[in-house]
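Asker: Attaching a predicted model along with its sequence, questions to come.
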Amino acid sequence: MKGDKPKKKILVGTVISDKMNKTVTVEVERRRRHPMYEKFMTKHIKIKAHDEKKIASCGDIVKVIETRPISKDKNWRVIEILTKAKRG
């Protein structure tokens, strides 16, 4: 339809750094089958996501959504924490 907005991407990943102010680094893992050799290949990407309330910490599994550019390399926002990391 004309005028419809495209759907925003939603990814699930693990927080690997929470040292920045209101920003977390999330590692997203993708598993794809190789078209010719038919082996599964694992690819990792690191993205920086905005965490306004500073609730995510290292080891948490979070869901992030694509958003407008917030800074030079931050185009994602944390929408929910799926699993908290175990401490101790």
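Answerer: Good, I have the coordinates.

Asker: I'd say residue 68 and residue 75 touch.
Answerer: Yes. Counting by CB atoms under 8 Å, residue 68 touches residue 75, with 7.4 Å between them. All C-beta atoms are positioned from the backbone trio N, CA, C, and that covers glycine.

Asker: who has more neighbours, the two?
Answerer: Ranked by neighbour count (other CB atoms under 10 Å), residue 68 and residue 75 place residue 75 first, with 17 against 6.

Asker: Mind telling me what element the more buried one is part of?
Answerer: Element membership of residue 75 [criterion: DSSP states H and E] is strand 74-83.

Asker: so how far is that strand from its chain's centroid?
Answerer: The chain centre lies 6 Å from the centre of strand 74-83; the measure is CA atoms, centre = their mean, to the nearest Å.

Asker: residues making contact with that strand?
Answerer: Residues from elsewhere that reach strand 74-83 (CB atoms under 8 Å, 6 or more residues apart in numbering): 10-12, 23-24, 26, 47-52, 55-56, 60-70.

Asker: List the buried residues of that strand.
Answerer: By neighbour count with 16 or more other CB atoms under 10 Å, strand 74-83 contains the buried residues 74-78, 81.

Asker: Quick check: neighbours of that strand in the sheet, parallel or antiparallel?
Answerer: strand 40-50 (parallel), strand 61-71 (antiparallel) (DSSP bridges).

Asker: For residue 34, find the nearest of the ones you listed.
Answerer: With CB to CB as the criterion, residue 34 lies closest to strand 40-50 of these, at 5.6 Å.

Asker: Could you tell me which residues within that closest one count as buried?
Answerer: Along strand 40-50, these residues count as buried under the neighbour rule (16+ other CB under 10 Å): 47-50.

Asker: how far out from the middle of the chain is it?
Answerer: Computed by CA atoms, centre = their mean, the chain-centroid distance of strand 40-50 equals 7 Å.

Asker: do the same with stretch 9-27
Answerer: Taking CA atoms, centre = their mean, the mean C-alpha location of stretch 9-27 is offset from the chain mean by 6 Å.

Asker: Thank you kindly, that will do.
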